[in-house]
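S.K.: Pasting a predicted model and its sequence here:
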Amino acid sequence: MKKVIWLGVMMGALLLAGTCAATPAADRPGLQVLHWWTSPSERKAADLLASTLAGEGIAWQDAAIPGGAGLGAGKVLKGRVLAGDAPEVTQLIGPSIAEWADLGLLLELDNVADDGDWRGFLFPTIGQLVVHRRHVVAAPLGIHRVNTLYYNRPLFARLGLKPPVTWRDFEHVARRLRAAGVAPLAQSSEAWQVAALFENLVLAESGPAFYRELFVQRSPAAAADRRTHEALQRLRTIKGWLREELDERPWPEVVRRFARGQAGMMIMGDWAKAELAEFKALPDRDFGCAAAPGTADYHLYSVDTLAMFAGDYRQMAAQEKMARLMVTPGVQAGFNALKGGVPVRRDADPGAMDSCARQSWTVFARGSAVQAPSLVHRMALDEASRDAIIAEVHRFFLDDAVPPAQAQRRLGALFRLFNLKPLGVAGAQDTDRGR
């Protein structure tokens, strides 16, 4: 219902947005870009894009909105569109691309994609993501692997430890780290970060097919399944290892904690690798990258994309030039080296990547059978469904009196409620694509 109301309000504002959004833009040079890349490493990646545009005579007018996982930016974007002040360019992610395209607000980039042969070099999953109703409506920038385990290499060497491959291994390593006076895992109790750990646990217990059944199809049967129970129980077990260290830290602070050696391991998307560089920490020297236990053969992914608002098309030439630049080999390599992700291009050179990126790119390249769209990073579901699931997982995490079976029943009830009406544009498309 929340999504239906939002779509109705946005449709009501469509005429206003289309006629007014571009008016102030016509009076200022360049393109205003709304995004949520605000950590030090993300800022460097955004600055690279800005300097690339400047080299082509296009000014990047920054409209950065702080907030983990882009929650604040999404709200600001809706408010600006309703006020008739849409930015020329916005960072979008997952199903939200289709939601905005459904309103007719996004510039179609078919000519850019055809001229650049995007179909020829984009990974199929990426190509499908940026197409809506047979039109290309966004420019993909990079792929993040959410199921990344970081471990402190000097500490592991001193204690004679190997990075855990299974959760049984993880528990052994956690005991050894705890005995050495080191927290086993850098982790926040912030809702989205807890849910990100949980989606890693679901993937480890089940693989991508069941993961999609639970988080894309929202199956009540999957919510009641033993594998969901096991993932919830393991989430609680991990909390038990971390009880003294848990706090609502923003993700850069979690990375800082790991970089300072205050925790032996960290499970986070590969954007953390770029943030670790801010502390002069290097892969294969100060830390190692591996897959989260039980997920070595899988890729839990999130994709950075930029979409262009159509307005009255006076900025179309600059917008198209920007879209064309974003997928070029040089920009792809440079942006993702700074951001921590990997290129969206199948013709990228894995030999030029660091070991963490090479693992990510190689696994993703194996195709959709090993890929799982991140729930937390809005690749799997519409925002209302995503938020409700995260809230239930967070409730279970905070309250030790809630048994896993109760959390499963609550998730199942949510799924039945969601499924009383059609999945909606984004959910239906993800199901059709088998993602």
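M.R.: Structure received.
S.K.: Contact partners for A191?
M.R.: I390, A391, V393, H394 (CB atoms under 8 Å, 6 or more residues apart in numbering). (Each C-beta comes from the backbone N, C-alpha and C, glycine too.)
S.K.: Make a ChimeraX selection of the buried ones in the residues you listed.
M.R.: For the buried members of these, the matching ChimeraX selection, counting by 16 or more other CB atoms under 10 Å, is:
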select :390,393,394
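S.K.: Would you format the contacts of A191 as JSON lines with pLDDT, secondary structure and distance to Q91 included?
M.R.: Listed next are the contacts of A191 as JSON lines, based on pLDDT from 0 to 100; DSSP: H, G, I helix; E, B strand; the rest coil; distance: CB to CB, whole Å:
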{"residue": "I390", "pLDDT": "97", "secondary structure": "helix", "distance to Q91": "20"}
{"residue": "A391", "pLDDT": "97", "secondary structure": "helix", "distance to Q91": "24"}
{"residue": "V393", "pLDDT": "98", "secondary structure": "helix", "distance to Q91": "25"}
{"residue": "H394", "pLDDT": "97", "secondary structure": "helix", "distance to Q91": "25"}
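S.K.: Make JSON lines from the contacts of A191 and add distance to A357 to it.
M.R.: As requested, the contacts of A191 are arranged in JSON lines below (distance: CB to CB, whole Å):
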{"residue": "I390", "distance to A357": "28"}
{"residue": "A391", "distance to A357": "33"}
{"residue": "V393", "distance to A357": "29"}
{"residue": "H394", "distance to A357": "31"}
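S.K.: biggest separation within the contacts of A191, which pair?
M.R.: Spatially, the most separated pair among the contacts of A191 is A391 and V393, at 7.4 Å (CB to CB).
S.K.: Now do the residue nearest to L107 when sequence neighbours are not counted, the pLDDT please.
M.R.: Spatially, and ignoring its direct neighbours in sequence, L107 is nearest to M308 (4.0 Å; CB to CB, 6 or more residues apart in numbering). On pLDDT, M308 comes in at 96.
S.K.: Contact partners for M308?
M.R.: Going by CB under 8 Å, 6+ apart, M308 touches E88, V89, L106, L107, L109, A139, M316, Q319, E320, M322, A323.
S.K.: Tell me the most packed of those residues, by neighbour count.
M.R.: Using other CB atoms under 10 Å as the neighbour test, those are led by V89, with 29 neighbours.
S.K.: Check what pLDDT the closest residue to R345 other than its chain neighbours gets.
M.R.: Nearest non-adjacent residue to R345, counting by CB to CB, 6+ apart: F121, 4.9 Å away. F121 carries a pLDDT value of 97.
S.K.: from memory F121 sits against Q332, does it?
M.R.: No: if you go by CB atoms under 8 Å, F121 and Q332 don't touch, sitting 9.8 Å apart.
S.K.: Can you work out which residues contact both of those two?
M.R.: Shared contacts of F121 and Q332 (CB under 8 Å, 6+ apart): R345.
S.K.: what sits up against stretch 408-415?
M.R.: So stretch 408-415 is contacted by 218-220, 223-224, 228-229, 232, 385, 388-389, 392, 395 (CB under 8 Å, 6+ apart).
S.K.: ok, the residue nearest to V173 when sequence neighbours are not counted - contacts?
M.R.: Take V173 and drop its neighbours on the chain: the residue closest to it by CB to CB, 6+ apart is P164, 5.0 Å away. Contacts of P164 were listed using CB under 8 Å, 6+ apart, and they are L149, F170, H172, V173, M265, P293.
S.K.: Give me the nearest residue to G264, chain neighbours excluded.
M.R.: L177 (4.2 Å).
S.K.: Within the helices and strands, which one has that neighbour?
M.R.: L177 is located in helix 167-179, with elements delineated by DSSP states H and E.
S.K.: now that helix, how far from the chain's geometric center?
M.R.: 28 Å (CA atoms, centre = their mean, to the nearest Å).
S.K.: Tell me the helix or strand right after it.
M.R.: Next element after helix 167-179 (DSSP H and E): strand 183-186.
S.K.: Pull the number of nearby residues for the residue nearest to W37 when sequence neighbours are not counted.
M.R.: Excluding the flanking residues, the one nearest W37 by CB to CB, 6+ apart is A46, at 4.5 Å. A46: 22 surrounding residues under other CB under 10 Å.
S.K.: per-residue pLDDT, A46?
M.R.: 96.
S.K.: do A174 as well
M.R.: pLDDT recorded at A174 is 95.
S.K.: again with E383
M.R.: Confidence score, pLDDT, at E383: 86.
S.K.: ok, now R410?
M.R.: Per-residue confidence (pLDDT) for R410: 97.
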